[in-house]
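[1] Using only what follows, build the 3D model:
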Amino acid sequence: MHITLRQLEVFAEVLKSGSTTQASVVLSLSQSAVSAALADIEGQLGVQLFDRVGKRLVINEHGRLLYPKALALLEQAGEIEHLFNHDNGSLRIGASSTIGNYMLPAMIADYRLDFPHTPLELNVGNTNDVINAVSDFRVDLGLIEGPCQLPELITQPWLDDELVVFVAPENPLAGRVVSLESLAREPWILRERGSGTREVLDHLLLPQLPDFNLVMELGNSEAIKHAVRHGIGISCLSRRVISEQLSSGSLVEIRLPVAPMVRKLYLIHHRQKHISGALSRFLTYCREAQ
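    Numbers count the residues shown, from 1 in each chain. Next up, the predicted model:
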């Protein structure tokens with residue numbers, strides 16, 4: 001059985017109009033096309049939907065049974081057309097923790113003020129998690145803290161982000177310019193491997209700290225801030241992550257004898273991903289954040 005929405009539309013309009021002639025005018029079809037569509041659906045169902053009384057068509061018990069179901073299907077099809085005609089598709093975003101927890105909330109709030117009816121899902125993980133989600137089409141767009149080398153993904157530079165080393169205010173190193181040797185002796189609390197922050201440290205700073213003292217790895221920036229605040233060790237995170245604590249004095253930056261550690265944040269999406277209107281609009285918000 002291959003009943004089409006067009007056949008259901010013809011049936012419903014013939015019922016409302018009372019004749020194939022009037023239905024053909026409303027549907028912009030020839031009368032013969034209307035009659036053929038009606039005959040086809042009756043043939044597939046194996047019943048007559050109308051009783052033929054002279055030149056009139058009078059709905060019978062079979063037609064009355066079909067009519068509400070046909071209307072329901074036509075209404076659902078109309079909703080689908082409306083959904084995509086207005087490009088109100090949902091948007092799935094994956095972001096590494098610094099971006100997802102500290103940068104995106106304000107951007108999403110602005111986006112939803114302009115597009116309140118667009119469903120938006122945000123998944124936060126480390127950079128490797130986001131790359132895998134984009135590669136597997138589980139999210140439409142990824143925002144990550146380091147470059148991506150997968151050839152199937154398009155990687156676009158986005159924003160600059162500075163990493164800073166910090167301590168509790170009671171730490172003797174607080175606010176001082178310290179040597180690399182002194183840093184290596186301190187107990188370090190770092191993000192887990194696979195995070196964008198850890199990748200930058202592994203390339204820019206830690207090779208300059210021979211035999212540095214790693215005491216803890218944590219998968220959450222908030223946990224790291226609390227651990228440092230309670231004197232467990234020192235750490236390095238994005239300035240965006242600790243800006244409030246630096247302003248209040250609950251954490252203090254250490255001045256390093258090396259160049260500032262500035263990394264690039266990136267936008268990634270799959271090469272085969274269709275850029276919908278909803279995704280295109282969100283990309284515009286991302287670019288305006290620069």
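
[2] and Y285, what does it touch?
    Contact analysis of Y285 by C-beta atoms under 8 Å, 6 or more residues apart in numbering lists M107, D110, Y111. Just so you know, the C-beta spots here come from the backbone N, C-alpha and C atoms, and that holds for glycine as well.

[3] helix/strand/coil for it?
    Secondary structure for Y285, judged by DSSP: H, G, I helix; E, B strand; the rest coil, is helix.

[4] Give me the neighbour count for R255.
    The tally of other residues near R255 (other C-beta atoms under 10 Å) stands at 12.

[5] hang on, it packs against V178?
    Yes: R255 lies in contact with V178 (C-beta atoms under 8 Å); the separation is 7.3 Å.

[6] if I look at M261, how far off is I3?
    To I3, M261 is 64 Å away according to C-beta to C-beta, to the nearest Å.

[7] Show me which of the two is the more surrounded one.
    Comparing M261 with I3 by neighbour count (other C-beta under 10 Å), the higher total belongs to M261, at 20 against 15.

[8] And for the more buried one, nearest residue in space, chain neighbours not counted?
    Distances taken as C-beta to C-beta, 6 or more residues apart in numbering put L163 closest to M261, at 4.2 Å, once the chain neighbours are dropped.

[9] Bridging across strands, which residues link to the one you found?
    Per DSSP bridges, the residues bridged to L163 are S238, M261.

[10] which parts of the helix or strand hosting G78 are buried?
    Using DSSP states H and E, G78 maps to helix 61-85. By neighbour count on 16 or more other C-beta atoms under 10 Å, the buried set for helix 61-85 is H62, G63, L66, Y67, A70.

[11] Helices along the protein, start to end?
    Here the chain has its helices, by DSSP state H, at 5-17, 20-27, 31-45, 61-85, 97-102, 104-114, 127-135, 180-185, 196-204, 221-229, 239-248, 277-288.

[12] Quick test: name the residue nearest the centre of the chain.
    For the chain, the residue sitting closest to the mean C-alpha position, by C-alpha atoms, centre = their mean, is I93 at 1.8 Å.

[13] May I have the beta-bridge partners of that one?
    Taking DSSP bridges, one obtains L122, L141 as the residues bridged to I93.

[14] quick check, distance from stretch 108-119 to the centre of its chain.
    With C-alpha atoms, centre = their mean, to the nearest Å as the basis, stretch 108-119 stands 13 Å off its chain's centre.

[15] now swap in stretch 214-229 and tell me
    Remark: stretch 214-229 is offset 27 Å from the chain centroid, using C-alpha atoms, centre = their mean.

[16] likewise stretch 239-257?
    For stretch 239-257, the distance to the chain centre is 30 Å (C-alpha atoms, centre = their mean).

[17] tell me which residues of it are tucked away?
    R239, R240, V241, I242, Q245, L251, V252, I254, L256.

[18] Was I right to think the first one contacts V164?
    Yes: applying C-beta under 8 Å as the test, R239 and V164 come out as touching, 5.1 Å apart.

[19] Where does the prediction get shaky in the stretch 101-250 of the chain?
    Applying pLDDT under 70 to the stretch 101-250 of the chain flags no residue at all.

[20] Can you get me a residue count around the closest residue to E170 other than its chain neighbours?
    Residue nearest to E170 in three dimensions, not counting chain neighbours: G231, with 6.6 Å by C-beta to C-beta, 6+ apart. Other residues lying near G231 total 12 when counted by other C-beta under 10 Å.
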